[in-house]
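In: For reference, the sequence and a predicted model appear below.
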Amino acid sequence: MVQSQAISESKDNPRDPRNKEVVYPAFNDPQRGNLETPINASGLAKAYINNLPAYRRGLSPLRRGLEVGMAHGYWLIGPFATFSPLRGTEVAYTTALLSVISILIISTLAISLYASVQKPVSQPIVTAPNIPDAFKTQEGWNEYASGFLIGGIGGALFAYLLLTLVISKFFYDYVIR
């Protein structure tokens, strides 16, 4: 049997796995403009997304902002210290810290501006159908923004201390000598 003929005949077989639909409109509503795929509708993806601070149940907006800000402040200092024109100098980590704090302030202002705009309520998505109430009000967004700034500066300071006190000391004492 020729391969093209076998494919044509398989179209009439409902038990053939190639004939099963795997992509559906989200929440069975094609007007939403979102699709439910085997990736974003899987239990693993839903568990991961719903365990992030933005969607985790039982957190206040301030706590959500603290967690997200700490992660961003901690990880943003690395690229600034590694790829800046001052890399390898005595002031590389200090300028990286100041750059990260500047980015965090700009991001906090952007979050506050987003909160001030009157917008429709966020629609649930496939991976996170239960959007927290904190993201439905301007006060919740502003509380989230202040937590983001505090957590971001704390995360950046922690990374800065690790870089200057632990990693630099180890590098200069054991690698260079």
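Out: Received the coordinates, thanks.

In: Quick check on Pro25: phi, psi?
Out: phi -60, psi 140 (degrees, to the nearest 10).

In: Ok, the one 5 residues further on next?
Out: Dihedral angles phi and psi of Pro30 (degrees, to the nearest 10) take the values phi -70, psi -10.

In: Check the one 5 residues further on too.
Out: The phi and psi torsions at Leu35 (degrees, to the nearest 10) take the values phi -120, psi 150.

In: what's the spacing between stretch 143-157 and its chain's center?
Out: Offset of stretch 143-157 from its chain centre (Cα atoms, centre = their mean, to the nearest Å): 15 Å.

In: That should have said stretch 64-73, apologies.
Out: 10 Å.

In: Could I get the average pLDDT for that stretch?
Out: When pLDDT is averaged along stretch 64-73, the result is 95.

In: Residue numbering should commence at 52 henceforth.
Out: Shifting the count to begin at 52 puts that one at stretch 115-124.

In: for the chain, which spans come out with low pLDDT?
Out: Low-confidence segments of the chain (pLDDT under 70): 52-53, 57-58, 61, 69-70, 169, 171, 222-228.

In: Please enumerate the strands of it.
Out: 75-76, 86-87 (DSSP state E).

In: Just name the most buried of the ones you listed.
Out: Mean neighbour count (mean count of other Cβ atoms under 10 Å) peaks for strand 86-87 among the strands of the chain, with a mean of 16. Quick note: C-beta positions are derived from backbone N, CA and C, even for glycine.
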